[in-house]
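S.K.: Give me a model of this one.
(2 chains)
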Amino acid sequence: AQKVTQAQTEISVVEKEDVTLDCVYETRDTTYYLFWYKQPPSGELVFLIRRNSFDEQNEISGRYSWNFQKSTSSFNFTITASQVVDSAVYFCALSEAGNFGNEKLTFGTGTRLTIIP
Amino acid sequence: DVKVTQSSRYLVKRTGEKVFLECVQDMDHENMFWYRQDPGLGLRLIYFSYDVKMKEKGDIPEGYSVSREKKERFSLILESASTNQTSMYLCASSFGGTSGSTDTQYFGPGTRLTVL
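M.R.: The predicted structure is shown next:
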(Lines give C-alpha, C1' and ligand atoms only; values in the text may rest on other atoms or scores of the structure.)
Protein backbone atom coordinates (compact mmCIF):
# COMPACT_ATOMS: atom_id res chain seq x y z
CA ALA A 1 0.00 0.00 0.00
CA GLN A 2 1.17 3.50 -0.70
CA LYS A 3 1.79 6.03 2.04
CA VAL A 4 2.90 9.64 2.31
CA THR A 5 4.40 11.12 5.46
CA GLN A 6 4.71 14.82 6.15
CA ALA A 7 6.29 14.81 9.58
CA GLN A 8 6.22 18.59 10.02
CA THR A 9 2.75 19.50 11.21
CA GLU A 10 3.39 23.22 11.52
CA ILE A 11 6.28 25.50 10.60
CA SER A 12 6.69 29.21 11.25
CA VAL A 13 9.43 31.32 9.71
CA VAL A 14 10.10 35.01 9.44
CA GLU A 15 9.52 36.60 6.08
CA LYS A 16 12.45 36.34 3.64
CA GLU A 17 13.80 33.20 5.28
CA ASP A 18 14.09 29.99 3.26
CA VAL A 19 11.98 27.04 4.36
CA THR A 20 11.90 23.37 3.36
CA LEU A 21 8.84 21.15 3.66
CA ASP A 22 9.60 17.46 3.89
CA CYS A 23 7.75 14.62 2.16
CA VAL A 24 8.61 10.94 2.46
CA TYR A 25 6.68 8.33 0.53
CA GLU A 26 6.29 4.56 0.38
CA THR A 27 5.29 2.54 -2.66
CA ARG A 28 6.05 -0.84 -4.16
CA ASP A 29 5.58 0.35 -7.72
CA THR A 30 8.46 1.40 -9.93
CA THR A 31 6.23 3.82 -11.83
CA TYR A 32 4.52 6.44 -9.73
CA TYR A 33 3.75 10.14 -9.60
CA LEU A 34 4.33 12.73 -6.91
CA PHE A 35 2.47 15.98 -6.43
CA TRP A 36 2.52 19.08 -4.27
CA TYR A 37 -0.58 21.18 -3.63
CA LYS A 38 -1.04 24.44 -1.76
CA GLN A 39 -4.18 25.17 0.24
CA PRO A 40 -4.45 28.86 1.17
CA PRO A 41 -6.96 30.05 3.77
CA SER A 42 -9.64 30.25 1.06
CA GLY A 43 -9.68 26.44 1.04
CA GLU A 44 -9.10 25.55 -2.59
CA LEU A 45 -6.22 23.20 -3.35
CA VAL A 46 -3.87 24.73 -5.87
CA PHE A 47 -1.71 22.42 -7.96
CA LEU A 48 2.03 23.19 -7.77
CA ILE A 49 3.94 20.33 -9.38
CA ARG A 50 3.65 16.80 -10.79
CA ARG A 51 6.70 14.60 -11.08
CA ASN A 52 7.02 11.03 -12.37
CA SER A 53 9.35 8.48 -10.83
CA PHE A 54 11.65 8.36 -13.84
CA ASP A 55 12.49 12.03 -13.71
CA GLU A 56 14.83 12.73 -10.82
CA GLN A 57 15.91 16.14 -11.98
CA ASN A 58 15.32 18.86 -9.47
CA GLU A 59 12.83 21.50 -10.52
CA ILE A 60 12.85 25.23 -9.92
CA SER A 61 9.96 27.58 -10.53
CA GLY A 62 10.64 31.10 -9.34
CA ARG A 63 11.08 30.96 -5.57
CA TYR A 64 9.91 27.35 -5.44
CA SER A 65 12.14 24.33 -5.88
CA TRP A 66 11.68 20.61 -5.46
CA ASN A 67 14.28 17.97 -4.59
CA PHE A 68 13.32 14.44 -5.63
CA GLN A 69 15.54 11.68 -4.24
CA LYS A 70 14.50 8.10 -4.98
CA SER A 71 17.27 6.72 -2.77
CA THR A 72 15.59 8.19 0.29
CA SER A 73 12.02 8.15 -1.07
CA SER A 74 11.72 11.86 -0.53
CA PHE A 75 10.25 14.73 -2.50
CA ASN A 76 11.01 17.89 -0.55
CA PHE A 77 9.78 21.38 -1.33
CA THR A 78 11.77 24.53 -0.66
CA ILE A 79 10.53 28.11 -0.72
CA THR A 80 13.29 30.67 -1.05
CA ALA A 81 12.90 34.17 0.37
CA SER A 82 9.49 33.38 1.81
CA GLN A 83 6.63 35.87 1.63
CA VAL A 84 3.46 36.29 3.66
CA VAL A 85 1.42 35.04 0.68
CA ASP A 86 3.16 31.69 1.04
CA SER A 87 1.26 31.08 4.27
CA ALA A 88 -0.89 28.02 3.61
CA VAL A 89 -1.21 24.32 4.21
CA TYR A 90 0.92 22.31 1.81
CA PHE A 91 0.11 18.75 0.83
CA CYS A 92 2.33 16.14 -0.77
CA ALA A 93 0.57 13.32 -2.65
CA LEU A 94 1.47 10.06 -4.37
CA SER A 95 -0.19 8.03 -7.10
CA GLU A 96 0.81 4.76 -8.66
CA ALA A 97 0.51 4.62 -12.45
CA GLY A 98 -3.13 4.73 -13.46
CA ASN A 99 -5.00 2.30 -15.66
CA PHE A 100 -8.04 4.20 -16.85
CA GLY A 101 -9.83 4.81 -13.63
CA ASN A 102 -7.20 3.81 -11.14
CA GLU A 103 -5.61 7.21 -10.64
CA LYS A 104 -6.05 7.53 -6.91
CA LEU A 105 -4.02 10.01 -4.95
CA THR A 106 -2.77 9.28 -1.46
CA PHE A 107 -2.21 12.50 0.46
CA GLY A 108 0.01 13.30 3.38
CA THR A 109 -1.53 15.01 6.39
CA GLY A 110 -0.19 18.39 5.32
CA THR A 111 2.19 20.99 6.73
CA ARG A 112 0.81 24.33 7.89
CA LEU A 113 3.31 27.04 6.97
CA THR A 114 3.05 30.46 8.59
CA ILE A 115 5.21 33.30 7.35
CA ILE A 116 5.64 35.98 10.00
CA PRO A 117 5.95 39.52 8.63
CA ASP B 1 -7.82 27.25 -17.06
CA VAL B 2 -9.53 24.27 -15.50
CA LYS B 3 -12.59 25.26 -13.58
CA VAL B 4 -14.16 23.04 -10.95
CA THR B 5 -17.12 24.49 -9.12
CA GLN B 6 -19.05 23.25 -6.13
CA SER B 7 -22.62 24.20 -5.40
CA SER B 8 -22.10 25.61 -1.91
CA ARG B 9 -19.17 26.90 0.12
CA TYR B 10 -20.96 26.39 3.43
CA LEU B 11 -23.85 24.11 4.28
CA VAL B 12 -25.63 23.37 7.56
CA LYS B 13 -27.90 20.34 7.80
CA ARG B 14 -29.63 18.36 10.51
CA THR B 15 -28.99 14.76 11.46
CA GLY B 16 -30.98 12.38 9.27
CA GLU B 17 -31.40 14.78 6.37
CA LYS B 18 -30.50 13.74 2.84
CA VAL B 19 -27.72 15.97 1.54
CA PHE B 20 -26.60 16.58 -2.03
CA LEU B 21 -23.23 18.11 -2.86
CA GLU B 22 -22.81 19.04 -6.49
CA CYS B 23 -19.62 19.40 -8.49
CA VAL B 24 -19.23 20.63 -12.07
CA GLN B 25 -16.11 20.77 -14.23
CA ASP B 26 -15.79 22.55 -17.55
CA MET B 27 -12.75 20.82 -19.08
CA ASP B 28 -14.36 17.67 -20.47
CA HIS B 29 -12.39 15.57 -17.97
CA GLU B 30 -13.07 11.85 -17.79
CA ASN B 31 -12.27 11.43 -14.08
CA MET B 32 -13.97 13.03 -11.12
CA PHE B 33 -13.32 12.54 -7.42
CA TRP B 34 -14.83 13.31 -4.04
CA TYR B 35 -12.62 13.72 -0.96
CA ARG B 36 -13.22 14.74 2.59
CA GLN B 37 -10.65 16.69 4.56
CA ASP B 38 -10.36 16.50 8.32
CA PRO B 39 -7.71 18.03 10.59
CA GLY B 40 -4.75 15.73 11.09
CA LEU B 41 -6.02 13.23 8.51
CA GLY B 42 -5.31 15.00 5.24
CA LEU B 43 -7.58 14.25 2.30
CA ARG B 44 -9.29 10.90 2.04
CA LEU B 45 -10.97 9.59 -1.09
CA ILE B 46 -14.68 8.81 -0.79
CA TYR B 47 -15.65 7.88 -4.35
CA PHE B 48 -14.42 8.46 -7.85
CA SER B 49 -15.77 8.09 -11.37
CA TYR B 50 -13.86 7.48 -14.58
CA ASP B 51 -16.83 7.70 -16.94
CA VAL B 52 -20.48 8.64 -17.04
CA LYS B 53 -22.55 6.29 -14.88
CA MET B 54 -19.36 4.59 -13.65
CA LYS B 55 -18.27 4.83 -10.03
CA GLU B 56 -15.68 3.24 -7.78
CA LYS B 57 -15.40 3.21 -4.02
CA GLY B 58 -12.51 5.04 -2.49
CA ASP B 59 -11.07 4.54 0.96
CA ILE B 60 -14.05 5.72 3.02
CA PRO B 61 -17.30 5.18 1.07
CA GLU B 62 -19.49 4.19 4.02
CA GLY B 63 -22.45 6.50 4.46
CA TYR B 64 -22.05 8.07 1.02
CA SER B 65 -23.23 7.44 -2.51
CA VAL B 66 -22.54 9.22 -5.80
CA SER B 67 -24.18 9.93 -9.10
CA ARG B 68 -22.70 10.81 -12.48
CA GLU B 69 -25.40 11.18 -15.11
CA LYS B 70 -23.47 13.69 -17.22
CA LYS B 71 -19.77 13.89 -17.87
CA GLU B 72 -19.34 17.33 -16.35
CA ARG B 73 -21.31 16.73 -13.14
CA PHE B 74 -20.54 14.49 -10.16
CA SER B 75 -22.80 14.48 -7.13
CA LEU B 76 -22.06 13.25 -3.63
CA ILE B 77 -25.06 12.10 -1.62
CA LEU B 78 -25.32 11.65 2.12
CA GLU B 79 -28.40 9.44 2.44
CA SER B 80 -28.91 10.22 6.12
CA ALA B 81 -26.48 12.80 7.42
CA SER B 82 -24.77 12.17 10.72
CA THR B 83 -22.66 14.43 12.93
CA ASN B 84 -19.49 12.48 12.09
CA GLN B 85 -19.93 13.59 8.48
CA THR B 86 -19.23 17.18 9.47
CA SER B 87 -16.21 17.97 7.33
CA MET B 88 -14.77 19.82 4.38
CA TYR B 89 -15.69 18.13 1.09
CA LEU B 90 -13.52 18.64 -1.95
CA CYS B 91 -14.29 17.69 -5.52
CA ALA B 92 -11.59 17.19 -8.17
CA SER B 93 -11.34 16.27 -11.82
CA SER B 94 -8.57 15.00 -14.10
CA PHE B 95 -8.14 14.33 -17.80
CA GLY B 96 -8.03 10.55 -17.43
CA GLY B 97 -7.32 9.79 -21.05
CA THR B 98 -3.89 8.22 -20.62
CA SER B 99 -3.44 4.68 -19.42
CA GLY B 100 -0.29 4.01 -17.42
CA SER B 101 -0.12 7.56 -16.19
CA THR B 102 -1.68 9.74 -13.54
CA ASP B 103 -3.03 13.04 -14.67
CA THR B 104 -3.12 16.07 -12.44
CA GLN B 105 -6.24 16.48 -10.36
CA TYR B 106 -7.74 19.95 -10.20
CA PHE B 107 -9.80 20.86 -7.20
CA GLY B 108 -12.89 22.91 -6.52
CA PRO B 109 -13.15 25.44 -3.67
CA GLY B 110 -14.64 22.94 -1.22
CA THR B 111 -17.90 22.73 0.72
CA ARG B 112 -17.74 23.01 4.48
CA LEU B 113 -20.61 20.87 5.74
CA THR B 114 -21.85 21.03 9.31
CA VAL B 115 -24.32 18.40 10.50
CA LEU B 116 -26.16 19.37 13.68
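
S.K.: what helices or strands is the helix or strand of chain A with the lowest mean pLDDT leaning on?
M.R.: The helix or strand of chain A with the lowest confidence, counting by mean pLDDT, DSSP states H and E, is strand A:59-61 at a mean of 88. Contact analysis of strand A:59-61 by 3 or more C-beta pairs under 8 Å, 6 or more residues apart in numbering or on different chains; DSSP states H and E lists strand A:46-52, strand A:64-69 as its packing neighbours. Just so you know, the C-beta spots here come from the backbone N, C-alpha and C atoms, and that holds for glycine as well.

S.K.: shaky segments in chain A?
M.R.: Along chain A, the parts satisfying pLDDT under 70 run over A:97-102.

S.K.: Nearest residue to residue B:25 in space, please, no chain neighbours.
M.R.: Leaving out its chain neighbours, the residue that sits closest to residue B:25 by C-beta to C-beta, 6 or more residues apart in numbering or on different chains is residue B:93, at 4.0 Å.

S.K.: List the contacts of stretch B:75-83.
M.R.: Applying C-beta atoms under 8 Å, 6 or more residues apart in numbering or on different chains, the external contacts of stretch B:75-83 come out as B:13-23, B:34, B:46-47, B:63-68, B:85, B:89, B:91, B:113, B:115-116.

S.K.: list the buried ones in that stretch?
M.R.: For stretch B:75-83, the neighbour count (16 or more other C-beta atoms under 10 Å in any protein chain shown) marks B:75, B:76, B:78, B:81 as buried.

S.K.: Out of those residues, which is nearest to chain A?
M.R.: Nearest to chain A among the buried residues of stretch B:75-83: residue B:76, at 16.4 Å, using C-beta to the nearest C-beta.

S.K.: so the closest one is in which element?
M.R.: strand B:73-78 (DSSP states H and E).

S.K.: continuing past that strand, what's the next helix or strand?
M.R.: Proceeding N to C from strand B:73-78, the next assigned helix or strand is strand B:87-94, under DSSP H and E.
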